[in-house]
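Q: turn this into a model:
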Amino acid sequence: MPASSSAAISTGKPLRIGMIGLDNPRVVSFAKLLHNKGEPNYIGGARLTAAYPGIPSLDFSLSANRLDGYVEELRDRQRVTMLSSLEEVAEKCDAWMLEAVDGRTRVALFAQMVPYGKPIFVDKPFALDSSTAEEMIRLAAVYGTPWMSCSALRYAVGLTSGLRSGNGERLCGADFYGPMGLEPTQAGYFWYGIHTAEMLFRALGPDCTEVHAVRTAEHDVVTGVWRDGRIGAIRGNRTGNEAFGGVLHWTSFSQPFEVKDETDKPYLASLLEAVVSFLATGQSPIDLEETLAIMRFLEAANLSLAQKTTIKLRRPIL
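A: Below is the predicted model:
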């Protein structure tokens, strides 16, 4: 763990978080949860102290058209210091959050961050293909830099509660659903498939061995077979239904659940709690092999769709 993080903990001072890339709507949500004690799910012990807005991707409207508004919110209302480079942010933080919304930019930014040795949370998706993900993992290992990456849906209350209520039975399989918007620059299933894939792999673990995907105008279904014979699936829709949820299949019963941010604790708040703990300790709650397995699953789903066949997976050597 880097000395700066340790010092923040030992002195009782708030952990100083530097944020890279502000074209992502989650940056505003995270700032409010960390800074505003009046928030119902306020998270203490850390603050966003400095940020580098980054360069918007002009061919990706969700990056190009939103950056200025989020910078204004963080600078003027959340009192986050805006800096002109990643290197300047490094001098003023104990840990990082990499929030740039365009997955294509992740590897270059990550490569600039890891030499500082400060823990890094990389918002979803970690990368847009498995080889880039492997390169990033190896680079972090060279510098001994802790990192964590996931979708917030991994921490949805309905999923967490469901996984705790199996009464000791074996989880035999799982199916999850959610919206499946597509963005031409964001590698197919990596854009929104990441959310349901995170839930699937939290439930079943990393050992998926084959993947098959199908698509119609309104829906996608991606099925995976695990090494021990269990089957899991994600269903994505483009009908306007934005709901997330799933079914956990135990030995003697199946248990449906819905993700209800309106009545449950919001999954962004649950995620941020896990992230702040990780940034303070350098100990990720997610095994790196699982994150890489999710990247390989989504990549295989894209390939399966293109080739109209089942894709076999082998474990990578890290």
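
Q: packing partners of the helix or strand harbouring residue 27?
A: Secondary structure assignment for residue 27, by DSSP states H and E: helix 26-35. Applying 3 or more C-beta pairs under 8 Å, 6 or more residues apart in numbering; DSSP states H and E, one finds that helix 26-35 makes contact with strand 15-20, strand 46-52, helix 267-281. Bear in mind the C-beta positions are built from the backbone N, C-alpha and C, glycine included.

Q: can you lay out these as JSON lines showing distance to residue 242?
A: Below are those laid out as JSON lines (distance: least, C-beta to C-beta, whole Å):
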{"stretch": "strand 15-20", "distance to residue 242": "26"}
{"stretch": "strand 46-52", "distance to residue 242": "28"}
{"stretch": "helix 267-281", "distance to residue 242": "13"}
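
Q: can you give me the strands in the stretch 201-318 of the chain?
A: Listed in chain order, the strands of the stretch 201-318 of the chain (DSSP state E, counting those that start in this stretch) span 208-215, 219-226, 231-237, 245-250, 254-258, 311-312.

Q: which other helices and strands does the shortest one contact?
A: For strand 311-312, the packing partners by 3+ C-beta pairs under 8 Å, 6+ apart come out as strand 208-215, helix 288-307.

Q: try the fifth one
A: Using 3+ C-beta pairs under 8 Å, 6+ apart as the contact criterion, the secondary-structure elements in contact with strand 254-258 are helix 157-163, strand 245-250.

Q: return the most buried member of these.
A: Among the helices and strands packed on strand 254-258, strand 245-250 has the highest mean neighbour count (mean count of other C-beta atoms under 10 Å), at a mean of 21.

Q: quick one: average confidence on that strand?
A: Taken as a whole, strand 245-250 has a mean pLDDT of 98.

Q: relative to that strand, what are the paired strands and their orientations?
A: Applying DSSP bridges, strand 245-250 is found paired with strand 171-179 (antiparallel), strand 254-258 (antiparallel).

Q: all set now, cheers.
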